[in-house]
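> Predicted structure and sequence below. I'll ask about it afterward.
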Amino acid sequence: MTQTDNSAANERANDITPLIDLAPEGLAGVGSVFGRTRVRTLVSLRWIAVVGQVFAVLFVYYGLGYDLPLSGCLAVISASAWVNVVLTALHPAQRLASQKETALQSAFDVVQLTTLIGLTGGLDNPFSFMIVAPVTVAASRLRPGYALLLLGLGLVCLGILSLISVPLPWIEGETLSLPSTYRWGLFASVAIGLTFFAVSSWRTGRDEARLVRALEAAEEVLAKEQRLSALGALSAATAHELGTPLATIHLVAKELQRATDEKSETYEDVALIAEQAERCRNILRQISRRGEASDAAHAKLPVLALIKEISDPHAGLGIDIQLSSEPLEGHVGETMFPPEIRRRPEIIHALGAFVENAVSFAEKEVQVAARWSEEELRIYIIDDGPGFSSTVLPKLGEPYLSQRGENQIGGGMGLGFFIARTLLERTGARMKPYNRRAPAKGAVVRISWMLNTIRAAPGWSEE
């Protein structure tokens, strides 16, 4: 696309009100409840570590008879216990620790464990790999900056252990001496393991946070539609209740108008009251009709009406939207009339999001096509834009951040496809995005259902 085309696409995107709009802070747990850890969780994990360390030290000293610096080891372990006591006294158990607090507590755990391992043989200690634990646990909850700092601290502590440590306690009268090459191998293995588990844990936590935020956004979309439906029903009920007294007012005003001399000063006032009462009655009739959208007649939606409804909000933006509805190839004659489906907010919002995306990237035209047979319904949304890139296509439908500019739809949030897919899967749909075959260019999103899962039965209603 040329620079002019890109500018036009961006202008169109700015004119579109996103169907699914996520704030940046809602992702990856940054600044959110999901991305923070309760103080009680950190304290509980530290108590588990304290109990395990005390048991290991006492078992080695008394059970195996190895000469450990017992007082030094217990002093280091008691430092963790005192940190827990202070945190428990100062903070409520349910309080959420900030990212900085979590990082500082995890850094203390790394230093404490490094000191304990240094007093018991350093890297020669078979428990030296345990230094991976606090870094891995914290990395799953921290922002990238804090996670990298904690990983760096862990690697520095490993380096110190490889150079400075108390000799490994051994059988009295014997000395354990490991070759230097083997020691460096231990260092390398622990360092690689530390890096691998920390990075894996961070990525897993990040993906989980995005997934939670995306699912919350999908629930918000459905809740919004349900609130609108409830508001429509309330409006219809209110209009019905107001109809009777308003009809009485209109009737009395008409009677007064007939009983008043046209030359009287009050005649025009009485006529105005009757006219405005009639106007109010017309408004209430319109509200009642809108509020009846959930009855059996409106709950059914022909496929042509469906694709028109999802396309209309994006018309008039400089892109030609072509609609078509016909039987699937090879099924002409089997189904004479387009099927009617149940009107569901998940379908309307999700398909609307796909049309929105297609319009924002199209150069001239977007096609929204419905194809059906006796068993299946397919919706194709096709644009003539650049198509899906090779890096984005494999990730479509997953909770990831796109590289779309912030001046485009949804502020650059690439979770729209994931949310739309989640909404559609609740209705039994399958989604497949792909690019058009050359020489044609553009992207295609195909959504298909087995008709028996969404077809509107006779007399069906949402109520």
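Thanks, I have it. Residues are numbered from 1 along each chain as shown.
> Which strands or helices does the helix or strand hosting residue 113 pack on?
According to DSSP states H and E, residue 113 maps onto helix 99-119. Packing contacts for helix 99-119, counted by 3 or more Cβ pairs under 8 Å, 6 or more residues apart in numbering; DSSP states H and E, involve helix 39-58, helix 70-90, helix 132-139, helix 144-163. The way it works is simple: take the backbone N, C-alpha and C, and place the C-beta from them, glycine included.
> ok, now with 6 Å
Counting contacts by 3 or more Cβ pairs under 6 Å, 6 or more residues apart in numbering; DSSP states H and E, helix 99-119 packs against helix 70-90, helix 132-139, helix 144-163.
> Compile those helices into a markdown table and extend it with columns for distance to residue 47.
Converted to a markdown table, these look like this (distance: least, Cβ to Cβ, whole Å):
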| stretch | distance to residue 47 |
| --- | --- |
| helix 70-90 | 6 |
| helix 132-139 | 14 |
| helix 144-163 | 21 |
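> closest to residue 60 out of these?
Across the helices and strands packed on helix 99-119, residue 60 has its closest neighbour in helix 70-90 (9.3 Å, Cβ to Cβ).
> tell me which residues in that closest one are buried?
Neighbour counts over helix 70-90 (16 or more other Cβ atoms under 10 Å) mark 73-74, 76-77, 79-81, 83-84, 87 as buried.
> Over to stretch 91-106?
Within stretch 91-106, the residues that count as buried by 16+ other Cβ under 10 Å are 91, 96-97, 99, 101-103, 105-106.
> For it, what is the spacing between the initial and final residues?
Stretch 91-106 has an end-to-end distance of 17 Å (Cα to Cα, to the nearest Å).
> Repeat that for stretch 314-329.
End-to-end distance (Cα to Cα), stretch 314-329: 28 Å.
> Same question for stretch 374-387.
For stretch 374-387, the end-to-end distance is 31 Å (Cα to Cα).
> tell me the mean pLDDT for it?
Averaging pLDDT along stretch 374-387 gives 89.
> what does that stretch rub up against?
With Cβ atoms under 6 Å, 6 or more residues apart in numbering as the test, stretch 374-387 has contacts from 1, 334-335, 354-355, 358, 361-371, 435, 441-449, 451.
> how about a cut-off of 7 Å?
The contact list for stretch 374-387 (Cβ atoms under 7 Å, 6 or more residues apart in numbering) reads 1, 303, 307, 328, 334-335, 339, 351, 354-355, 358, 361-371, 435-436, 441-451.
> Now restrict these to buried residues only.
For the contacts of stretch 374-387, buried by 16+ other Cβ under 10 Å: 303, 307, 328, 335, 339, 351, 354-355, 358, 361-363, 365-371, 435, 442-449.
> just to revisit the earlier point, now the buried residues of helix 70-90 in JSON lines, please, with extra columns for distance to residue 224 and pLDDT.
Shown next, in JSON lines, are these (distance: Cβ to Cβ, whole Å; pLDDT from 0 to 100):
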{"residue": "73", "distance to residue 224": "58", "pLDDT": "90"}
{"residue": "74", "distance to residue 224": "58", "pLDDT": "92"}
{"residue": "76", "distance to residue 224": "54", "pLDDT": "91"}
{"residue": "77", "distance to residue 224": "53", "pLDDT": "92"}
{"residue": "79", "distance to residue 224": "51", "pLDDT": "93"}
{"residue": "80", "distance to residue 224": "47", "pLDDT": "91"}
{"residue": "81", "distance to residue 224": "49", "pLDDT": "92"}
{"residue": "83", "distance to residue 224": "45", "pLDDT": "90"}
{"residue": "84", "distance to residue 224": "44", "pLDDT": "90"}
{"residue": "87", "distance to residue 224": "40", "pLDDT": "88"}
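> Closest one of these to residue 42?
Closest to residue 42, out of all of the buried residues of helix 70-90 and judged by Cβ to Cβ, is residue 87, at 7.5 Å.
> Let me see the domain layout of this protein.
Domain ranges of the chain: 31-220, 226-293, 299-454, per automatic domain parsing.
> Confidence-wise, which of those domains is weakest overall?
Among these, domain 226-293 scores lowest, with a mean of 74.
> Return the residues in contact with residue 351.
So residue 351 contacts 310, 379, 447 (Cβ under 7 Å, 6+ apart).
> which among those gets closest to residue 61?
Closest to residue 61, out of all of the contacts of residue 351 and judged by Cβ to Cβ, is residue 447, at 66.6 Å.
> Quick check: which helices or strands does the lengthiest helix in the chain pack against?
Longest helix of the chain, by residue count under DSSP state H: helix 180-259. Here helix 180-259 touches helix 132-139, helix 144-163, helix 267-291, helix 345-361, helix 416-425, going by 3 or more Cβ pairs under 7 Å, 6 or more residues apart in numbering; DSSP states H and E.
> So which residue of this protein lies furthest out from the middle?
residue 263 (69.6 Å; Cα atoms, centre = their mean).
> hang on, it in a helix?
No - counting by DSSP: H, G, I helix; E, B strand; the rest coil, residue 263 is not part of a helix but coil.
> show me what contacts residue 324?
Residue 324 sits next to residue 369 when contact means Cβ under 7 Å, 6+ apart.
> three-state assignment of it?
Residue 324 is classified as strand under three-state DSSP.
> which residues of the stretch 351-463 of the chain fall in strands?
365-372, 376-383, 430-435, 443-450 (DSSP state E, counting those that start in this stretch).
> Extract the CA atoms of the third one and return them as PDB.
As requested, the backbone C-alpha atoms of strand 430-435 are provided in PDB (Å, rounded to 0.1, in the frame of the first residue of the first chain):
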ATOM      1  CA  ARG A 430     -15.300 -22.600  13.700                       C
ATOM      2  CA  MET A 431     -13.100 -19.800  12.400                       C
ATOM      3  CA  LYS A 432     -10.400 -20.000   9.700                       C
ATOM      4  CA  PRO A 433      -8.400 -17.000   8.600                       C
ATOM      5  CA  TYR A 434      -6.300 -17.100   5.400                       C
ATOM      6  CA  ASN A 435      -5.100 -15.000   2.500                       C
END
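> could you give the angle of that strand to strand 443-450?
160 degrees (axes from the mean of the first three to the mean of the last three Cα atoms, to 10 degrees).
> What residues sit buried inside strand 430-435?
Result for strand 430-435 [16+ other Cβ under 10 Å]: buried residues 431, 433, 435.
> got it, and the second one?
By 16+ other Cβ under 10 Å, the buried positions in strand 376-383 come out as 377-383.
> Tell me the one of the residues you listed nearest residue 210?
For the buried residues of strand 376-383, the residue nearest residue 210 by Cβ to Cβ is residue 381; the value is 24.2 Å.
> Residue 260 versus that closest one, what's the distance?
Remark: distance between residue 381 and residue 260 (Cβ to Cβ, to the nearest Å) = 62 Å.
> ok, now residue 447?
64 Å.
> what does residue 274 give?
Residue 274 is 11 Å from residue 260, by Cβ to Cβ.
> Of these two, which one has the most company?
Legend: neighbour count by other Cβ atoms under 10 Å for residue 274 and residue 260, higher for residue 274 (20 against 16).
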